[in-house]
Structure formats: structure tokens, C-alpha cells
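Student: predicted model and sequence below, questions to follow.
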Amino acid sequence: MNIKKLAATALLAVSVLMTGCGDAKIGAIDVTKVMDEAPRVKTLMTEAEAKAKEAQENYEKEYANKPDLTEADVQKAQADLQRKLIGINQAYTAQIKNRLDVVLEEIAREKNIDVVISNAAEDKMIFHGAIDVTDEVIKKMQ
């Protein structure tokens, strides 16, 4: 996530909540902890690593014993591998983000939370008053 964008969104949300409606509830999530501990995230990360390793091995098998390749062929093959690896990363990142969004929306509805912001331990934005939903998210990301 883009930290500047996240911080700007959080500040905007907090300022709107502070000036507008006094009954607003703010949720907080430690995304780093979710990424480290959620079973579904671990499973997806393992799958992504396996696919990346498979792509790397296929590349090595295909191009390892071909001394007649030109420099251009080697560069093209490396670029193709890089695109495959980026594609794998993007696909799995999107799956994790989509699942996280669904779980956060569900928890926010259940707890009647108006805004959920990132509040990672190393980047605290809210120290008091927010409802921490991190552990619930981890439980729901099975």
C-alpha cells in the first residue's frame, strides 16, 4: 500500500469524523500482522512462491544448455521470465487484497464501524480510541 495515500486517506477520514458526526466509530488494523499470521495469506503466499519457483525452474531447464543463444535471445527470455514472475505476484496480491477487503467490510458491518485504517505497530496512527480488528481479520482469513 502506498503509505502517503493511506495517511492522507486516514487524515481525511479522521477530520471528517471529528467535524461531522460525533458518534463515528474508527476501526484499526495491523496489516503487517495479518500478512504474517493469517492462514489464508500464508497459503496464498506459499502457492505464489511455488509458482514462481516453477517458472524459474522452467526457465533454467529451457535455457541452461543452449550455448547458441544470442544475447538478444537471452535478454528476451529473461524479460519473459520477469513478466511471468510479476504476473504471479500481482495475481496473488490481488487475491489477498480482495479477501482482506471482504473480511474488513464484514467486520465493519458487524461492529458498526464507520472507518477502518491501517495502524501497523511500526507505523501507529491511532494510539487510543480505535477498535482493533486485527485478530478478527486473522481469524476470518482462513
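Tutor: Nice, thanks for sending it over. Residues are numbered from 1 along each chain as shown.

Student: quick one: the strands in the protein, in order.
Tutor: 26-29, 115-118, 131-132 (DSSP state E).

Student: with just CA atoms, put the first one into CSV.
Tutor: Listed in CSV are the C-alpha atoms of strand 26-29, where the atom choice follows Å, rounded to 0.1, in the frame of the first residue of the first chain:
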residue,chain,number,x,y,z
ILE,A,26,-13.0,4.0,13.9
GLY,A,27,-11.5,0.6,13.4
ALA,A,28,-7.8,-0.1,13.2
ILE,A,29,-5.9,-3.0,11.6
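
Student: deepest of the strands of the chain, which one?
Tutor: A comparison of the strands of the chain by mean neighbour count, using mean count of other CB atoms under 10 Å, puts strand 26-29 on top with a mean of 22. Where C-beta positions appear, they are placed from N, C-alpha and C, glycine not excepted.

Student: who does it touch, helix- and strand-wise?
Tutor: Strand 26-29 is packed against helix 3-19, helix 71-111, strand 115-118, strand 131-132, helix 134-140, with contacts defined by 3 or more CB pairs under 8 Å, 6 or more residues apart in numbering; DSSP states H and E.

Student: how close does the residue nearest to Asp30 when sequence neighbours are not counted get to Thr43?
Tutor: The spatially closest residue to Asp30, leaving aside those adjacent along the chain, is Thr134, at 4.5 Å (CB to CB, 6 or more residues apart in numbering). Note on Thr134: its distance to Thr43, by CB to CB, to the nearest Å, is 19 Å.

Student: can you lay out the helices and strands packed on strand 26-29 as TSV showing mean pLDDT and distance to Asp36?
Tutor: What follows is the helices and strands packed on strand 26-29, written out as TSV (pLDDT from 0 to 100; distance: least, CB to CB, whole Å):
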stretch	mean pLDDT	distance to Asp36
helix 3-19	51	18
helix 71-111	94	12
strand 115-118	87	14
strand 131-132	86	16
helix 134-140	91	9
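
Student: residues contacting the residue of the chain most remote from its centre?
Tutor: Within the chain, Asp68 marks the point farthest from the mean C-alpha position, 41.6 Å out by CA atoms, centre = their mean. Under the criterion of CB atoms under 8 Å, 6 or more residues apart in numbering, Asp68 has no neighbours.
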